[in-house]
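> coords please:
(chains A and B)
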Protein chains: 2
Amino acid sequence: MKLVVLKFGGTSVADVPQIKKIALKVKEVVNQGYKVIIVVSAMSGVTNNLIDLVKTTSESLSYPEYDVVLSTGEQVTSALLASALNNINIKARSWLGWQVPIISDKSHAKALIEEIKTDNLLEFFKKNQVAVISGFQGISNENRITTLGRGGSDTSAVAIAAAFSAERCDIYTDVDGVYTTDPRIVKSAKKLNLITYEEMLELASQGAKVLQTRSVALAMKYNVKLRVLSSFEDLPGTSIIKEEKNMEKTEISGIAHSLNEAKITLSGVPDQPGQAAEIFGALAKHSINVDMIVQSSSINQEATDITFTIPETDMIIAESTIKKIQKKICFKKFITDTNVVKISVVGNGMRTQSGIAKTMFETLANNQINIHVISTSEIKISVLISSDYYELAMRSLHSAFGLDV
Amino acid sequence: MKLVVLKFGGTSVADVPQIKKIALKVKEVVNQGYKVIIVVSAMSGVTNNLIDLVKTTSESLSYPEYDVVLSTGEQVTSALLASALNNINIKARSWLGWQVPIISDKSHAKALIEEIKTDNLLEFFKKNQVAVISGFQGISNENRITTLGRGGSDTSAVAIAAAFSAERCDIYTDVDGVYTTDPRIVKSAKKLNLITYEEMLELASQGAKVLQTRSVALAMKYNVKLRVLSSFEDLPGTSIIKEEKNMEKTEISGIAHSLNEAKITLSGVPDQPGQAAEIFGALAKHSINVDMIVQSSSINQEATDITFTIPETDMIIAESTIKKIQKKICFKKFITDTNVVKISVVGNGMRTQSGIAKTMFETLANNQINIHVISTSEIKISVLISSDYYELAMRSLHSAFGLDV
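Below is the predicted model:
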């Protein structure tokens, strides 16, 4: 079956006129002879409004109810697009998460997709109709609506493309592709025609907001051909693919930044085995992703400092979590800093080329930018710096790595 | 099981502060030792906004998609109320139509409830929690969301009360009970403490907007004890009950009016058998409820005039439906009048007392109000008059039947 998955999110489903434009784009693909699955997110601003609404009902969120409220955003978009398609004689119907069904675990507001049942849709495709699936949502084995967390519609689209062995998965968004860095900050940023899953993964998780990390990881796992395209312009976009031998080898494919960072330091932690496990175990229980971790070497063999970063949005819950275990851990001081940004240099080329770290640190030093924390992976180096310098850091690194054309 | 159903609609779920107030009211009932099922409608204005939204996507509505969009209104309210209840330590969860499930037929936008499965909720009540059910919605045997038509939340509440053999069904709304007539039009209108199902049915179907007709008919069929109460004030409200011998016998319990009326006259219809069946059959196919019907006696034994009323909101579809069968019916003229109002006098006492019609027609005549069409039932007399006179008609009838205290 020749099938494609098209995902429309953000401002590309801003309002009804925009949804009608998308319907025309879908018509083109249908006329090319494809079976088409559309995945949509909520209309612009709707999700934030719904979050505000549900937050006013209670001091502590009921996450299952939060999911019931939030899922209506995508529910409405899918029905509106199906209706707009019917209006131009493309037979279509909406499919909600529980109708497909898209089965997830029961971690409400942050659910993981476990399985996508294909029987209902395969039967439906016999009618030669377009399926418009509400992204971002699933159903738990308790028969309750779940949501996949912010940006989860990308993950829905890729998971669906994998389940139906789609020829490709096109992510339509408000940018026309993946850039070497954020073009709003660095004017000389260039669009990439090709990027590997791994590079994209690092760029996505480091804060390039084009695609959600989970969706890229999923695409890599199931080898889903992914494209990022503009909803507004007819441009080729960026293809995200497996690494191939004949790919142009560039040292560095991009510079990413993440503003949603907070640094926590626990000073005077007694130097005993199991302390780190205790701290990060408590945070993990609340689904707080700890990113960079540095433990300073114990000076007097009695106490040590542990520094780590978390999403700034998790700061309140992280603080209360850690203060609850203060007696157990016996640390002396709890120090936080939210005026920090993470800058990452990403590139498949790092595997074979040395000197990247040297160039990076030198460039920052030449600009008098102090580095708080460093972390590295096979294809990425990240540094935590003061927020005051992040634009300067990005511009100078973009230039230093020869990305300014 | 000591169980009550409480339904909150209209302005009683206007916004989050109002929803929080309702949560406190529910808490009182829970503390009285009842199992509680709440049925909610959409927040004020939400349904109309959603209708406007879906209408802009297409020239001809896709009713199944219309239902997907509209059902989100009640979905959101039920989750917000469940959240607000959890916030004051009353354990609660939302139940969507498809989760209960409330099984309906597949006539989208006007679906009829076929069955309410009770197993899931009976299991749920073992946890001593409150169920907050989204009103107005069901699920078809095609696994698609349906809606029950405007005001359908009352019907949901009564059907649920019947299915669970509830001790009573309390309808909380923005008025404090059922009145002898519309207090906004007739200042001397009085609140009724008791009214029979049949009287309420006539009042509801004749345009008293307190309760939806279907919900009253259902309550009568299953003998559900119904109360109409104010969400805002702690007043006794009106109980709707079976007729009892010791009930205070009043001639007339109320005067109702309906503005959503249109009159259609087909003149010069050949006087042959089967013509009426043809006309009303075609309208029934489009689910248009024809109300009053008058066929003038054939003067020359060849042609006749057929006059009937329909909801004004169905006028466009009625016109196109009838014009399609013009060749078959061979009527000469199609005449419409939407500047009409139906006024009804309702009372159980009519069964045993004569002279009601005389008083009604005399009162209207004394006020120079011309009657277009008359229809009667055992406990009701309705007249169609020009819209210009409806307030005058209501006030003078209210007074003539001794309802002004």
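> hey, where'd the helices end up in the stretch 301-405 of chain A?
For the stretch 301-405 of chain A, the helices defined by DSSP state H, counting those that start in this stretch cover A:315-324, A:326-329, A:356-366, A:390-400.
> highest average neighbour count across these?
Greatest average neighbour count among those goes to helix A:390-400 (a mean of 19), per mean count of other CB atoms under 10 Å in any protein chain shown. For glycine as for every other residue, the C-beta is placed from the backbone atoms N, C-alpha and C.
> Name the spans of chain A whose pLDDT lies under the cut-off.
A:150, A:244-250, A:297-301, A:353 (pLDDT under 70).
> export the helices of the stretch 301-405 of chain A to TSV and tack on distance to residue B:303?
Shown next, in TSV, are these (distance: least, CB to CB, whole Å):
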stretch	distance to residue B:303
helix A:315-324	80
helix A:326-329	95
helix A:356-366	95
helix A:390-400	85
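> which residues does residue A:94 bridge with?
Listed by DSSP bridges, the beta-bridge partners for residue A:94 are residue A:132.
> What is the burial count for it?
Around residue A:94 there are 30 other residues, counting by other CB atoms under 10 Å in any protein chain shown.
> For it, give me its contacts.
With contact taken as CB atoms under 8 Å, 6 or more residues apart in numbering or on different chains, residue A:94 is in contact with A:75, A:78-79, A:81-82, A:132-134, B:64-65, B:68.
> what are the ranges of the strands in the stretch 151-300 of chain A?
A:168-173, A:194-196, A:226-230, A:238-241, A:254-258, A:262-270, A:293-295 (DSSP state E, counting those that start in this stretch).
> nearest to residue B:138, of these?
Nearest of these to residue B:138, taken as CB to CB: strand A:168-173 at 34.2 Å.
> partners of the closest one in the sheet?
Its sheet considered, strand A:168-173 pairs with strand A:3-8 (parallel), strand A:226-230 (parallel) by DSSP bridges.
> Let me know the next secondary structure element after the first one.
Going back to what we said before, that points to strand A:3-8. Next in sequence after strand A:3-8, counting helices and strands by DSSP states H and E, comes helix A:16-31.
> That next one near chain B anywhere?
Yes - part of helix A:16-31 sits near chain B under the criterion CB under 8 Å from any CB of the partner chain, namely A:16, A:19-20.
> circling back: so which of the strands paired with strand A:168-173 is nearest residue B:155?
strand A:3-8 (36.3 Å).
> right, so the strands of the stretch 151-300 of chain A: which one is the most enclosed?
strand A:254-258 (a mean of 26).
> before we move on, the earlier item: would you mind putting the helices of the stretch 301-405 of chain A into CSV with distance to chain B alongside?
As requested, the helices of the stretch 301-405 of chain A are arranged in CSV below (distance: least, CB to the nearest CB, whole Å):
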stretch, distance to chain B
helix A:315-324, 18
helix A:326-329, 28
helix A:356-366, 46
helix A:390-400, 37
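> Between those, which one is closest to residue B:190.
Nearest of those to residue B:190, taken as CB to CB: helix A:315-324 at 55.6 Å.
> quick one: contacts of the closest one?
Identification of contacts with helix A:315-324 by CB under 8 Å, 6+ apart yields A:262, A:264, A:266, A:279, A:282-283, A:285-286, A:288, A:310, A:329, A:334, A:336, A:338.
> Identify, from those, the entry nearest to residue A:354.
Nearest to residue A:354 among those: residue A:310, at 31.5 Å, using CB to CB.
> Could you list which residues are in contact with the closest residue to chain B within the stretch 201-350 of chain A?
Residue of the stretch 201-350 of chain A nearest chain B, by CB to the nearest CB: residue A:231 (17.2 Å). Taking CB under 8 Å, 6+ apart as the criterion, residue A:231 is in contact with A:8, A:11-12, A:18, A:21-22, A:25, A:172-174.
> Drop anything exposed from the residues you listed.
Listed as buried from those are A:8, A:11-12, A:18, A:21-22, A:25, A:172-173; burial here means 16 or more other CB atoms under 10 Å in any protein chain shown.
> For residue B:342, state which of these is nearest.
Using CB to CB, residue A:18 comes nearest to residue B:342 of the buried ones among the contacts of residue A:231, at 43.7 Å.
> my guess is that closest one meets residue A:12, correct?
Yes - counting by CB atoms under 8 Å, residue A:18 touches residue A:12, with 6.4 Å between them.
> Which of the helices of the stretch 301-405 of chain A sits closest to residue B:35?
Among the helices of the stretch 301-405 of chain A, helix A:315-324 comes nearest to residue B:35, with 34.6 Å by CB to CB.
> Now do that closest one: distance to the chain's middle.
How far helix A:315-324 lies from its chain's middle: 24 Å, per CA atoms, centre = their mean, to the nearest Å.
> Around chain B, which positions in chain A sit nearby?
With CB under 8 Å from any CB as the criterion, chain A meets chain B at residues A:16, A:19-20, A:50, A:53-54, A:56-62, A:64-66, A:68-69, A:71-72, A:75-76, A:78-84, A:86-87, A:93-94, A:96, A:98-99, A:143-145.
> Counting only helices, which of these make the cut?
Taking DSSP state H, the ones among the residues of chain A next to chain B that sit in helices are A:16, A:19-20, A:50, A:53-54, A:64-66, A:68-69, A:71-72, A:75-76, A:78-84, A:86-87.
> Buried subset of those residues as a PyMOL selection?
Command for PyMOL that selects the buried part of these, burial taken from 16+ other CB under 10 Å:
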select buried, chain A and resi 16+19+20+50+53+54+64+65+66+68+69+71+72+75+76+78+79+80+81+82+83+84+86+87
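> returning to what we had before: out of the residues of helix A:16-31 next to chain B, which is nearest to chain B?
Nearest to chain B out of the residues of helix A:16-31 next to chain B is residue A:16 (CB to the nearest CB; 4.6 Å).
> what about that closest one, distance to residue B:114?
The gap separating residue A:16 from residue B:114 is 34 Å, by CB to CB, to the nearest Å.
> now do residue A:263
Residue A:263 is 59 Å from residue B:114, where distance means CB to CB.
> circling back to that earlier point, possible to save the contacts of residue A:231 as a markdown table with distance to residue B:127?
Listed next are those as a markdown table, based on distance: CB to CB, whole Å:
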| residue | distance to residue B:127 |
| --- | --- |
| A:8 | 40 |
| A:11 | 43 |
| A:12 | 43 |
| A:18 | 44 |
| A:21 | 48 |
| A:22 | 43 |
| A:25 | 48 |
| A:172 | 44 |
| A:173 | 43 |
| A:174 | 45 |
